[in-house]
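In: Need a 3D model of the following:
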Amino acid sequence: MDADGDSGVQSTTIKMKRNKQRVLLLSSRGITHRMRHLMNDLEALLPHVKKDSKLDSKNNLHLLPELADLHSCNNTLYFEARRHEDLYLWAAKTPNGPSVKLHVQNVHTMDELKMTGNCLKGSRGILSFDAAFEESEWGRLIKELFTHIFGVPPQARKAKPFIDHILTFSILDSKIWFRNFQIVEKDPLQPNGPPEMSLVEIGPRFVLTPIRIFEGAFGGATVFANPEFVSPALIRSARRKERGESYKERKLAQQERVIRRIERQREEDALGTSKVFA
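Out: Below is the predicted model:
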């Protein structure tokens, strides 16, 4: 004991590590109404998102880290539209990376699905990742990146102190499937009955195909490249070429039938009765 009666034990203050994740959400020009509705759904699901205007040029991706810094964001979700029908998603940690480029398919927004589930706007969600993410290096990296982007910090300005939905990420056929479910604690048909936990899908839903993972933000050395990915433009080109080849074969067959018909007519004329008994 000290002379002044103090125990001599120094009090230590434990500082909690704050989650300061903020996400910048923006798109390129040329997006369709469905792509715009998907962005609005993600903005409603993630209260720590800051939405910006469209990026004028698709070749100026190096400006995105600067835009994120101006908005005090350390994550970026950038939707890039190509030919008004192909949608790509860039998910990046800014300003140092890494970043991943994904192809977005099978988009269904909340308005399209007409799901019965519902959640409070601004509520925080639980992230659920498939065990397949731990089986590959690119899966673990994307899991960590999505945890930073889709995990809503409890100190977010617009976040509500509730957790009433689950964001699920599953890997199937080397694609990432995104679903959003509401946590229902009681049966709607028996509101006064015993607690019964269940999940009801809310939406939106979409499928992501990883294309490349870069070391930096929106560029740099390639860490991972998906060898199975084929550009949708190349698929459409191959289909057009296939249709062109079938059209060409059909026209050649028509010409051969015309030539055979003409030859048969000549043979019949050569063996006609007027010429044989002339």
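In: hey, where'd the strands end up in the stretch 51-200 of the chain?
Out: Counting by DSSP state E, counting those that start in this stretch, the segments of the stretch 51-200 of the chain that form strands are 75-82, 86-93, 99-108, 123-129, 160-172, 175-184, 198-201.
In: Output the contacting helices and strands for the last one.
Out: The criterion is 3 or more Cβ pairs under 8 Å, 6 or more residues apart in numbering; DSSP states H and E, and the helices and strands that strand 198-201 contacts are strand 175-184. For glycine as for every other residue, the C-beta is placed from the backbone atoms N, C-alpha and C.
In: just the angle between the strand it packs on and strand 160-172, please?
Out: Using axes from the mean of the first three to the mean of the last three Cα atoms, to 10 degrees, the direction of strand 175-184 lies 140 degrees away from that of strand 160-172.
In: Strand 175-184 - contacts with which helices or strands?
Out: On a contact count with 3+ Cβ pairs under 8 Å, 6+ apart, strand 175-184 meets strand 160-172, strand 198-201, strand 205-216.
In: so how far is the first one off the chain centroid?
Out: This points to strand 160-172. The chain centroid and the centroid of strand 160-172 are separated by 15 Å under Cα atoms, centre = their mean, to the nearest Å.
In: Can you name every helix or strand that it contacts?
Out: strand 123-129, helix 137-150, strand 175-184.
In: Pull out the buried positions in the longest one.
Out: Using 16 or more other Cβ atoms under 10 Å as the burial criterion, the residues of helix 137-150 that qualify are 138, 139, 141, 142, 143, 145, 146, 149, 150.
In: Could you check the pLDDT of the last one?
Out: To tie it back to what came earlier, the one meant is residue 150. Looking at residue 150, its pLDDT is 93.
In: That one and residue 23, how far apart?
Out: Using Cβ to Cβ, to the nearest Å, we find residue 150 at a distance of 8 Å from residue 23.
In: joint contacts of those two?
Out: Residues within reach of residue 150 and of residue 23 at once, by Cβ atoms under 8 Å, 6 or more residues apart in numbering, are residue 46.
In: hmm, back to that, which of the strands of the stretch 51-200 of the chain has the lowest mean pLDDT?
Out: Looking at these, the bottom one is strand 198-201 with a mean of 86.
In: buried residues in that one?
Out: residue 201.
In: ok, and the closest non-adjacent residue to residue 36?
Out: Spatial nearest neighbour of residue 36, excluding adjacent residues (Cβ to Cβ, 6 or more residues apart in numbering): residue 27 at 7.6 Å.
In: who's that neighbour bridged to?
Out: Taking DSSP bridges as the rule, residue 27 bridges to residue 79.
In: Contact partners for it?
Out: Residue 27 neighbours (Cβ under 8 Å, 6+ apart): 35, 36, 39, 54, 55, 78, 79, 80, 81.
In: if you set the cut-off to 7 Å instead, what comes out?
Out: Counting by Cβ atoms under 7 Å, 6 or more residues apart in numbering, residue 27 touches 39, 54, 79, 81.
In: In this structure the second one contacts residue 29, no?
Out: Just to be clear, that refers to residue 54. Yes: contact criterion Cβ atoms under 7 Å: residue 54 and residue 29 qualify, at 5.1 Å.
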